[in-house]
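>>> Sequence first, predicted model second:
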Amino acid sequence: MKVQGYGAYFNIRNGHNSVVLPGAFKRTVEHVAAGGKIPIYASHGWAEEGIFGLQRNTGRRALPVGVVTHAAEDELGLYFEADIFDDPADELAGAVRSTLRALGPRPASIAFSHNGAIVEEQGKGENRTTVIHSLPPLEEISIVHKGSDPLAYIEAAPVTTDEPPAPVAAIIPADAGQETA
């Protein structure tokens, strides 16, 4: 399943009192463009019991459910495209696919190392804000229940095809809407 979304938006104060500036994801974009891998996780791999109905908090990090295939900065923030794994044996990836199909866009969250990050602390106390100028390549992007960045999201990518849409008769069975006894 192809997915897309925004891992973070620029110039938005998030739940960690951080503001990400344009250019902060330059190394992430370069990393992915050079063939580097950034995993997609469900709840950062530490899912709370019941979030996707399958994963339980075992104290061990779960395996990724997908991988980022494209990353770019635009005027809004860090845009990404990814593949969610289609392995039928991977129940968690299947639950993520089902969740995105049934519920539409879901919150997204990013994880990064502070090593190599260029940040600036502004203000004091409750007014303290961390301004993020530059980050090393992201460690991961997750589909989450509630993200720190209120605008970040992940959704199923639109299906694109060169074929014309199927006629309605081919989609709806001839006996649709008929009651049976």
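Yep, that arrived. Numbers count the residues shown, from 1 in each chain.

>>> export the helix ranked longest in the chain as PDB, just CAs?
Counting residues, the longest helix in the chain under DSSP state H turns out to be helix 91-103. Output in PDB follows, covering the C-alpha atoms of helix 91-103 (Å, rounded to 0.1, in the frame of the first residue of the first chain):
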ATOM      1  CA  GLU A  91      -0.600  -8.600  11.100                       C
ATOM      2  CA  LEU A  92       0.500  -5.200  12.300                       C
ATOM      3  CA  ALA A  93       1.200  -3.900   8.800                       C
ATOM      4  CA  GLY A  94      -2.200  -5.300   7.800                       C
ATOM      5  CA  ALA A  95      -3.900  -3.500  10.700                       C
ATOM      6  CA  VAL A  96      -2.200  -0.200   9.700                       C
ATOM      7  CA  ARG A  97      -3.400  -0.700   6.100                       C
ATOM      8  CA  SER A  98      -7.000  -1.500   7.300                       C
ATOM      9  CA  THR A  99      -6.900   1.500   9.700                       C
ATOM     10  CA  LEU A 100      -5.900   3.900   6.900                       C
ATOM     11  CA  ARG A 101      -8.500   2.500   4.500                       C
ATOM     12  CA  ALA A 102     -11.300   2.700   7.000                       C
ATOM     13  CA  LEU A 103     -10.500   5.900   8.900                       C
END
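
>>> how about it: buried residues?
Within helix 91-103, the residues that qualify as buried are 92, 93, 94, 95, 96, 97, 99, 100, counting by 16 or more other CB atoms under 10 Å. Yep, even glycine has a C-beta here, placed from its N, CA and C like the rest.

>>> Hmm, the first one is touching residue 42, no?
Yes - with contacts defined as CB atoms under 8 Å, residue 92 counts as touching residue 42 at a distance of 5.6 Å.

>>> picking up where we left off before, make TSV out of the buried residues of helix 91-103 and add pLDDT and distance to residue 110.
Shown next, in TSV, are the buried residues of helix 91-103 (pLDDT from 0 to 100; distance: CB to CB, whole Å):
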residue	pLDDT	distance to residue 110
92	84	19
93	88	19
94	88	23
95	86	21
96	89	17
97	91	21
99	89	19
100	92	18
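
>>> which one of those residues sits closest to residue 142?
Of all the buried residues of helix 91-103, residue 142 sits closest to residue 96, with 10.0 Å by CB to CB.
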